[in-house]
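Trainee: Fold the following for me, if possible:
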Amino acid sequence: MFTLTRADGYLISTDPGRLDLDRVHHWLCTDAYWALGRDRETLDRAFAGSISYGVYRPGDSRQVAVARVVSDLATFAWLCDVYVDPAERGHGLGTWLAGAVRDHLAALGVRRILLATLDAHGVYTKVGFTPVAADRYLELDRREPPVAPVTPVTGKESTGQSPLTVEA
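Mentor: Numbering: from 1, shown residues only. Next comes the predicted model:
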């Protein structure tokens, strides 16, 4: 089991018994764009098959953030479901959590960690993550219904038509 305490008293723990999965489910299924509407059974199975990192507030030990890692614990990991309670944002908890996960996995010998984000690149680049080489990675996405691609211009789902018209 991994634990780490920050100088201000925030604590990270991989103890699954400490996780408040009711709270995590509420955060993810109502406020995380990648997991909106995720049912509780799916969340429970996902967390049961992963390493989960909870962040706990000093004083009352209330869970204020979470991250989940899917890994073989030897060579590869996928960092996902990273979420910081909106009331606790702005204190560097996301960056601290990402760095702690990176360091914990490195100590286990994991050399490659992937993640996906639409809007938190700054959090992850602070701890060494860089964009992937697009021509190296492939994806098989079988979500139902199929998810429309997001356009880089608007950040909205693509309709297949150009989102922008420029006239000379």
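Trainee: So which bits of whichever helix in the chain runs longest are buried?
Mentor: When the chain is parsed with DSSP state H, its longest helix is helix 93-107. Buried residues in helix 93-107, counted by 16 or more other C-beta atoms under 10 Å: Leu93, Gly94, Thr95, Trp96, Leu97, Ala98, Gly99, Ala100, Val101, Arg102, His104, Leu105. C-beta coordinates here come from the backbone N, C-alpha and C atoms, glycine included.
Trainee: Between those residues, which sits nearest Leu36?
Mentor: Relative to Leu36, the closest of the buried residues of helix 93-107 is Gly94; by C-beta to C-beta it sits at 19.3 Å.
Trainee: list the contacts for the closest one?
Mentor: By C-beta atoms under 8 Å, 6 or more residues apart in numbering, the contact list for Gly94 reads Ala65, Val82, Val84, Ala120, Val123.
Trainee: Same question for Pro86.
Mentor: The neighbourhood of Pro86, defined by C-beta under 8 Å, 6+ apart, consists of Asp31.
Trainee: what do you get if the cut-off is 10 Å, keeping everything else the same?
Mentor: For Pro86, the contact set (C-beta atoms under 10 Å, 6 or more residues apart in numbering) comprises Trp27, Asp31, Val64.
Trainee: So the last one belongs to a strand, correct?
Mentor: Yes: secondary structure of Val64 (DSSP: H, G, I helix; E, B strand; the rest coil): part of a strand.
Trainee: oh, and call the first residue 11 from now on, that's how I've got it
Mentor: With 11 as the first residue, the last one maps to Val74.
Trainee: Do you know the pLDDT at it?
Mentor: pLDDT recorded at Val74 is 98.
Trainee: now stretch 43-63, how far from the centre of its chain.
Mentor: Chain-centre distance of stretch 43-63: 11 Å, with C-alpha atoms, centre = their mean, to the nearest Å.
Trainee: and the end-to-end length of it?
Mentor: This stretch, stretch 43-63, spans 20 Å end to end (C-alpha to C-alpha, to the nearest Å).
Trainee: Please identify the buried residues of it?
Mentor: By neighbour count on 16+ other C-beta under 10 Å, the buried set for stretch 43-63 is Ala45, Arg48, Leu53, Ala56, Phe57, Ser60, Ile61, Ser62, Tyr63.
Trainee: just checking, which of those residues belong to helices?
Mentor: Using DSSP H, the buried residues of stretch 43-63 in helices are Leu53, Ala56, Phe57.
Trainee: Go through the residues you listed and name the one nearest Thr140.
Mentor: Proximity of these to Thr140 (C-beta to C-beta) peaks at Ala56, which lies at 26.1 Å.
Trainee: Report the contact partners of the closest one.
Mentor: The contact partners of Ala56, taken as C-beta under 10 Å, 6+ apart, are Leu38, Ala45, Arg48, Ser62, Arg78, Val80, Cys90, Asp91.
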